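Visitor: Structure of the sequence below:
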Amino acid sequence: MTSAQTTKLITAHTQQWAQAQRWRVQFEAPALVERRVSNGRLYRGRIDVLCTRRWWRPAVAVEIDRANKRWSLEKLIAEADAGHVALWVRWRGDSIIEVPPTVGLVDIRASIQQPG
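Guide: Purely as a prediction, here's the structure:
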């Protein structure tokens with residue numbers, strides 16, 4: 001599978017999990033942080049999957065990556081700081097970025113079969 005296909009599959013399973021909990025699922029939801037891009041403009045990030053829960057429970061923000069992306073971690077830290085549950089689903093590569101205890105790391109690389 002390509003990287004895009006793998007990410008799409010993991011996203012679909014994340015959606016199924018969230019919907020089984022009766023949560024509302026939003027894809028590419030606006031993140032709480034911005035960063036400056038090469039032209040100097042501010043870019044508002046997006047959260048891959050944002051799950052809204054009932055009974056005033058905090059939202060669950062999920063980033064799905066094949067590698068260590070500092071930007072993904074920054075978005076999740078902002079979500080955690082706002083009181084949301086922040087989950088980073090990584091499916092390839094070793095963890096070389098220190099992940100704070102406020103962000104849950106779900107490392108599924110061992111369950112992804114690598115080609116040859």
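Visitor: The lengthiest strand in the chain - contacts with which helices or strands?
Guide: In the chain, with assignment by DSSP state E, the single longest strand is strand 24-36. Applying 3 or more Cβ pairs under 8 Å, 6 or more residues apart in numbering; DSSP states H and E, one finds that strand 24-36 contacts helix 3-20, strand 42-52, helix 70-81. Using the backbone N, CA and C atoms, a C-beta is placed for each residue, glycine as well.
Visitor: Identify the residues contacting the nearest residue to Val37 once chain neighbours are set aside.
Guide: In this structure, Val37 finds its nearest non-sequential neighbour in Tyr43, 4.7 Å apart by Cβ to Cβ, 6 or more residues apart in numbering. Contacts for Tyr43 (Cβ atoms under 8 Å, 6 or more residues apart in numbering) come out as Glu34, Arg35, Arg36, Val37.
Visitor: go with 10 Å
Guide: Ala31, Val33, Glu34, Arg35, Arg36, Val37, Trp71 (Cβ atoms under 10 Å, 6 or more residues apart in numbering).
Visitor: is it true that the fourth one touches Ser72?
Guide: No - counting by Cβ atoms under 10 Å, Arg35 does not reach Ser72; the two are 11.7 Å apart.
Visitor: what residues are shared contacts of those two?
Guide: Common neighbours of Arg35 and Ser72 (Cβ under 10 Å, 6+ apart) are Gly45.
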